[in-house]
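Q: coords please:
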Amino acid sequence: MKSKTKRILSFNLNIAIIMLLGCAGTTKVNTHGDRGKQVLIFTKTMGYRHSSIEPGTQAIQRMGKEQGIVMDATENAADFNAANLAKYDAVLFMNTTGDVLNPTQEAAFKSYIQAGGGFVGVHAATDTEYDWPWYNKLVGAYFLSHPKIQEAEMEVLNVTHPATRGFDKTWVKTEEWYNFKNISPDIDVLIRVDESSYEGGTNGENHPIAWFHNFDGGRSFYTAMGHGAETFQDAKFMQHLFGGIAYAIGE
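A: From the prediction side, this is the model:
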């Protein structure tokens with residue numbers, strides 16, 4: 001009985017912390033308690049390889065440890081099999097590029113999502129699997145182009161989602177701002193970038209930068225930020241990313 005009471009008190013404390021941090025706009029998002037959540041970080045590239053992959057993965061793993069989430073990292077696509085994927089609450093595509101999965105691995109990943117798994121895409125995750133329409137719908141869009149790295153102003157449209165909870169309506173950041181094609185009409189946009197605040201945008205007034213949606217039985221979150229290693233040292237971005245992870249793992 002004492003153990004059960006302890007778990008209930010721990011859960012209620014975590015909920016209280018989430019509400020407090022969300023209102024305060026602070027950086028720590030602890031939604032996971034002691035339930036042993038696990039995420040697989042996938043870093044395989046078949047095209048351009050971002051130099052932020054290694055330091056970014058390490059930063060995510062460090063924060064995951066603080067939050068009580070096991071964060072395994074792999075570049076081995078063979079890990080996309082039913083038995084291995086079943087261990088994870090979400091799979092995070094960390095700046096993946098190109099055709100990273102073969103048909104058998106694609107089938108295993110699709111079944112994983114259909115069984116209720118979560119997906120998180122960071123930056124170049126939209127520069128991945130161009131010949132797989134199902135993945136296009138899962139991630140929400142495909143990368144088209146980008147201008148030079150520069151500062152721009154973003155508009156936060158949703159301040160109640162875990163990935164943006166408590167944020168100010170305006171967020172100014174330096175980033176490699178992606179232009180997109182094949183944008184799914186089913187995504188729920190969390191943040192859009194104001195194309196009048198920088199040069200080179202091609203998506204118009206509704207230029208999404210971060211979004212989420214329920215898809216084919218699972219949950220998908222994507223953020224277009226994450227080009228440079230410095231982004232993964234940005235406390236606000238890490239709060240944003242881990243809020244997206246919380247959504248993807250079903251918290």
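Q: Correct me if wrong: T223 contacts L241.
A: Yes - shown here, T223 and L241 form a contact pair, counting by C-beta atoms under 8 Å, at 6.3 Å. From N, CA and C alone the C-beta is placed, and that goes for glycine too.
Q: ok, the two, which is more surrounded?
A: The neighbour count for T223 versus L241, taken as other C-beta atoms under 10 Å, is higher for L241 (27 against 23).
Q: For the more buried one, give me its contacts.
A: 60, 120, 122, 163, 223, 226 (C-beta atoms under 8 Å, 6 or more residues apart in numbering).
Q: Just the closest of those to M46, please.
A: Set against M46, the nearest of those by C-beta to C-beta is V122 (16.5 Å).
Q: Could you count how many residues lie near the residue lying closest to that closest one once chain neighbours are set aside?
A: Among residues not flanking V122 along the chain, G226 sits closest, at 4.4 Å (C-beta to C-beta, 6 or more residues apart in numbering). For G226, the neighbour count with other C-beta under 10 Å is 25.
Q: one step back: need the residues touching each of T223 and L241.
A: Counting by C-beta under 8 Å, 6+ apart, the residues touching both T223 and L241 are 122, 163.
Q: I figured I249 hits K37, correct?
A: Yes - I249 sits in contact with K37 when judged by C-beta under 8 Å, with a separation of 5.3 Å.
Q: Now do the shared contacts for these two.
A: What both I249 and K37 touch, as defined by C-beta under 8 Å, 6+ apart, is the set 69, 89.
Q: can you pull out the strands in the protein?
A: 38-42, 70-74, 90-94, 118-122, 142-145, 150-156, 170-175, 179-181, 188-193, 208-215, 218-223 (DSSP state E).
Q: out of these, nearest to Y130?
A: Across the strands of the chain, closest to Y130 is strand 142-145 (C-beta to C-beta), at 6.3 Å.
Q: Out of the strands of the chain, the one nearest L101 is which?
A: So among the strands of the chain, strand 38-42 is nearest, using C-beta to C-beta, at 9.1 Å.
Q: what sits up against that closest one?
A: With C-beta under 8 Å, 6+ apart, strand 38-42 has contacts from 57, 60-61, 64, 69-75, 79, 84-85, 87-94, 96, 100, 120, 245, 249.
Q: Quick one, which of these are buried?
A: 57, 60-61, 64, 69-71, 73, 79, 84-85, 88-94, 96, 100, 120, 245, 249 (16 or more other C-beta atoms under 10 Å).
Q: what ranges do the helices span in the stretch 1-150 of the chain?
A: For the stretch 1-150 of the chain, the helices defined by DSSP state H, counting those that start in this stretch cover 2-24, 53-67, 82-85, 103-114, 133-139.
Q: Give me the helix or strand of the chain that scores worst on average pLDDT.
A: Among the helical and strand segments of the chain, the one scoring lowest on mean pLDDT, DSSP states H and E is helix 2-24, with a mean of 35.
Q: Return the most buried member of the strands of the chain.
A: Most buried of the strands of the chain by mean neighbour count (mean count of other C-beta atoms under 10 Å) is strand 118-122; its value is a mean of 28.
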